[in-house]
Structures are given as structure tokens and as C-alpha cells.
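> Sequence first, predicted coordinates after that:
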Amino acid sequence: MSNILSGEESSHQITTDVLIIGCGISGSIAALELARNPDVRVTLVTRSQDPLESNTYYAQGGIVYTAADDSAEILAKDILRAGDWMNNRNAVDILAREGPNLVRRILIDERGVAFDGSAGEAKHHRTREAAHSRSRIIHVRDATGKAIQDALIEAVRTQPNITLLSANTAVDLLTPAHHSRNRLAIYEPLSCVGAYVFDQRRKCVVTILSKATVLASGGLGQIFLHTTNPEGARGDGLAMAYRAGARIINSEYVQFHPTAFYHRHRARFLITESVRGEGASLVNASGEPFMRKYAPEWGDLAPRDEVARGIHQEMLETGSDSVFLDLRSHIPAERIKERFPTVYNNCLEYGVDATKELVPVVPAAHYFCGGVWVDEYGRTNLRRLYAVGEASCTGVHGANRLGSVSLLEGVVWGYRAAQHIAANLSEELPVAPEDIPFWQDESVAGYPDPVLVRQDMTLIKHIMWYYVGLVRTTPRLARAMRDLSVLREDVNIFYHTQRLNDELIGLRNSVLAATVITRAAWANKESHGCHYREG
Ligand code: SIN
């Protein structure tokens, strides 16, 4: 495979073998696997200034591995039960069979992630999270995602055939049917030949042409008022794929994590489920445990959707702004500090000492179980377009994700997509570079008013939280559809008349992602997992 590609490299056009959008666990693993062949050029773009910044980085709990008394069948059953049996059985089997070996090979052996107790493989400390029938989760204290992301990005940086472009926001996927100067391209099956990418530093749009493109842009928690996700999780991948004609599935399944730290005036942050796995319990404002009322079998360790709804109900019944996590009565103070330093320090920053006090928590949008439909190799319905990680929907999670499975899915599908791409990469670019026009924005006015962008974003977050949140009803969804459709028109006009910046790209994508989710929630009258309809 030659890395000399057709087409002129210029400041406005780049050609590459594989373009990967997003550098969390799935994108980085795909890049590293592809880069094993020194002749394959990989371009990895991320909208973040710092490539460490991704949803992966904030994953606290850990990654599913194995337990002594575990098996692929037992893991698969736990995943299916948590997903309310709405999962893609084949995808679950692939994950359960291949996942633990890939974790060992890629993360432990090759990247040297120092999971707790890693003196020997058998000695890794295994923790438990909700709805797991085994303690099978390995972790790096309560900052597992950080440790993984540090190791992967360090490896990415040392690969000469990976070009890492930070502060580069993908604007749209390039499909000849939509973008080619050749009008006859509309008769070809949909395919992806790269993306328009906004360079935040130079404030211009670059055309990146590729033989294969991997969408690994993460989730969309930021379109909800309360979320555990970082600011980049705004549905960029979902919206780009939707505009390009990709099939989107399971969009009604947005998972709310039961326990985000609650403070009246501050952003939410995650309190890992593994605190409950290690003994902490949920109590209401009167200090009473309540989860057995809602989930007699599992109590505090019920699947996330059940715990989140239990908390919601308890808050309604007690008229309280939050419920509480009680660590202090169940886990010794020294153990809290040593095992959960992130949780302990973050709470302390907001004036709560988890070794002595109850920690106020509420549910918050956490993970998108739907996404761009992909097969067992991460292929979408567009030729040469793959999707991996949270942007994709393999069907593994069904209607509700089991804890610590998302990182595992990122490993498995990052790896599988890379294998498939490597085996099928063509010699030539699939499009003549001159057929794809450069980005045109001479006719537009100045930069968008940040007040308008922020206010529109706030509106989306409120609509989604109150009307398309934990409990959905027909009147709420109808209101959301109406409000979003008005807003979408305004945002589209705004988008086409202003110069591009990262915030405007995010706003356009967020309003579309919100619409896609709302329509799916409207259409599905059946409650399953994290899609709960009360009418
Ligand atoms: C957690 O630690 O509770 C979150 C991990 C996950 O989302 O799987």
C-alpha cells in the first residue's frame, strides 16, 4: 500500500488513507491498529484542544474483564437483562467472547495500563457495578478512563503514520451524492469520502479526503440540562451521519446515570456506580434506604434505568431536590480516600466530605445507547463509512447499558473496524479531489452572536430535560417536537448566514440530535430500559 496519494495537499485540502473523527478509546484504538502497517496514513481529528479530553477520560468505574467464576455466557446474560432483552444478540456474543482477550492484549499487555492490583493478571482487583452478577470490572482507582486515555494518546503521539489534529471540528461528512461537482454521482450508492473539518486555530474549513472514514465522535449528554458528559458530547457524530444518509437506530434510549453530584448552582459530575458496588447505599432526605421498594431483587444495584427512576420517584414523593449516597456508614474513611480519590476530591471541592457526610445526588444524562447503525465490523450503510464507540449503535446495549461495558465496546469495535478497513483499503482515493469543492463562506456575515448561540443551546437543554427526560409522556413529547422544529428552522438560517465556529457547529448538530431523539421517543410507545413512557 503506497502512502503517496493522488491529489494536491494544500492548506485547504488534505488527503489521507483513513480519517478518524474522535480520539476517545474507540477512535484511538482504531488508529493504533491501522497504524501497525507503516504504509497506512491515519489522520485523527478531535474538536478538543487537548486530545485527552473525551468521554473516555471521565469514565470512572472501570472496564468489564472477567471473574474467576465468569464466562462469556454469563456476561452476555447480564448485558441482555440490563438491556431489557432489546439487544442485538450477535453483537452481545461478539463482545462477550472477544472483549476480555482484547482488553488483556491491547490495554494491559501493549499499552501497559496499570489497573489496580496489576502485580499479576490474576491479582487485578475486580469491582462490581449495578446489575452485574459477578465482580468482573477492573479499574484504576476511580479514574480508569483517564489512565486508559493517557496511555492511548501517548501511543498515538509516537506513531509516525498517525497525524493527530486537535482543535479541528468535523462539520459534515463528504458524500459524492451530496457534495460532488459531478451531478451524476447521485446515481451511485451512498458513500463517504472524508469530511469538511473546521480548523479552530486558523478559522477555516479544510477538506479531508480519505479512502475510509471512522466516526468515533462520542455521545450527546450535553443536549440535556444535566449531564455527566464533557462539553464536546453534543451529538456531532449523530447529526453528521444523519445528514449524510446514515441509518440511525435506538435513539430513544438515552441512559441517565442515577448518581451525579448535586449542587444547586454547579455543573453535575459523576459519582461512580462502583461506590455502590463497594457497599455505599442510596438514602432519601430522611436518611432511609429506598431502592428495595423499587427493585426488590437488586436494591441499590439494580440496572441504571431502574435506579434512576427510583430516585426520580423518591424525589417527587419526598419533595426533595436530591437523594443521597451514604459512603461513610459502609466504607471506612481511609478506603474511600484510597479507592475513590476522584469522587472524594471532587466532592470536597464543593464542600462535601464523603467520609463524614452524605453526598447529594440526582440522575443526569450519561450515555447514548442508540446511534449510527453498524454491523459487526463497524460498517454503516454508507460505503467506506464506519462508526465506533458511543456514536455508533451495535445493539450491544439494547434499551439500557450495563455499567463499564461502553469502554469494552470501544475496544472491541475500534479493533474490529480497523481490521476490516485494513483488509479492504483501496489503492486509490474513491473520488477525484477536484470533484469536491472547497468550503465556501465568502457570502456570509460576521461571526455568530455568542449570546444567541448560548441561549439556543440552553433552550435545547431545557426542552430535552423536561420533555424528553427520564419520564416521557405524549403531551411532553408533542411539545418538544413543536419547540424543536421552530428552533431548528431558526438555527438553520443562523447557520447559513454566519461565519463558522465550533459553537455554531455544535448548536446545529445539537438541535438535530435532539430532534432525532425526540422523534424516536415519540414513535416508540413501549417502555423499555431507559425509554420510559407514562402515556
Ligand atoms: C460509573 O462509573 O458509574 C460509570 C461507568 C459507566 O458509565 O459504565
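Everything's here; your move. Numbering: from 1, shown residues only.

> Pull up the residues of the chain that are close to the ligand.
Taking CB under 6 Å from any ligand atom as the criterion, the neighbours of the ligand within the chain are Ala59, Gln60, Gly61, Thr272, Glu273, Ser274, Tyr367, Gly403, Ser404, Ser406. Using the backbone N, CA and C atoms, a C-beta is placed for each residue, glycine as well.

> and the closest residue to the ligand within the stretch 1-150 of the chain, backbone torsions?
With CB to the nearest ligand atom as the measure, Gly61 is the residue of the stretch 1-150 of the chain nearest to the ligand, at 2.6 Å. Backbone dihedrals for Gly61, given as degrees, to the nearest 10, come out at phi -60, psi -60.

> Confirm for me that it is in contact with Arg276.
No. The pair Gly61 and Arg276 does not pass the contact test of CB atoms under 8 Å, sitting 10.2 Å apart.

> Overlap in contacts, those two.
Shared between the contact lists of Gly61 and Arg276 (criterion: CB atoms under 8 Å, 6 or more residues apart in numbering) are residues Glu129.

> ok, the two, which is more surrounded?
Arg276 (27 against 24; other CB atoms under 10 Å).

> Leu282 is in contact with that one, correct?
Yes. Here Arg276 reaches Leu282: they are 7.3 Å apart, a contact under CB under 8 Å.

> Find the residues that touch each one of the two.
Among the neighbours of Arg276, those also in contact with Leu282 (CB under 8 Å, 6+ apart) are Thr259, Asp300, Leu325.

> For the ligand, state which of the residues you listed is nearest.
Of all the shared contacts of Arg276 and Leu282, the one with the least separation from the ligand (CB to the nearest ligand atom) is Thr259, at 7.3 Å.

> mind checking the SS state of that closest one?
The three-state assignment at Thr259 reads strand, by DSSP: H, G, I helix; E, B strand; the rest coil.

> Likewise for Gly99?
Note that with three-state DSSP, the state of Gly99 is helix.

> show me the residues around it that make contact.
Residues counted as contacts of Gly99 (CB under 8 Å, 6+ apart) are Val64, Leu75, Leu408, Glu409, Val411, Val412.

> State the pair within the residues you listed that is farthest apart.
Of all pairs drawn from the contacts of Gly99, the widest gap by CB to CB lies between Leu75 and Val411 and measures 14.1 Å.

> Rounded mean pLDDT for the helix or strand Val214 falls within, please.
Assessed by DSSP states H and E, Val214 sits inside strand 204-215. Taken as a whole, strand 204-215 carries a mean pLDDT of 98.

> Can you name the next helix or strand after that strand?
From strand 204-215, the next helix or strand downstream (DSSP H and E) is helix 236-244.

> Please point out which parts of the helix ranked longest in the chain sit buried.
Among all segments of the chain classified by DSSP state H, the helix with the greatest residue count is helix 474-497. Judged by neighbour count (16 or more other CB atoms under 10 Å), helix 474-497 contains these buried residues: Arg476, Leu477, Arg479, Ala480, Met481, Asp483, Leu484, Leu487, Arg488, Val491, Phe494, Tyr495.
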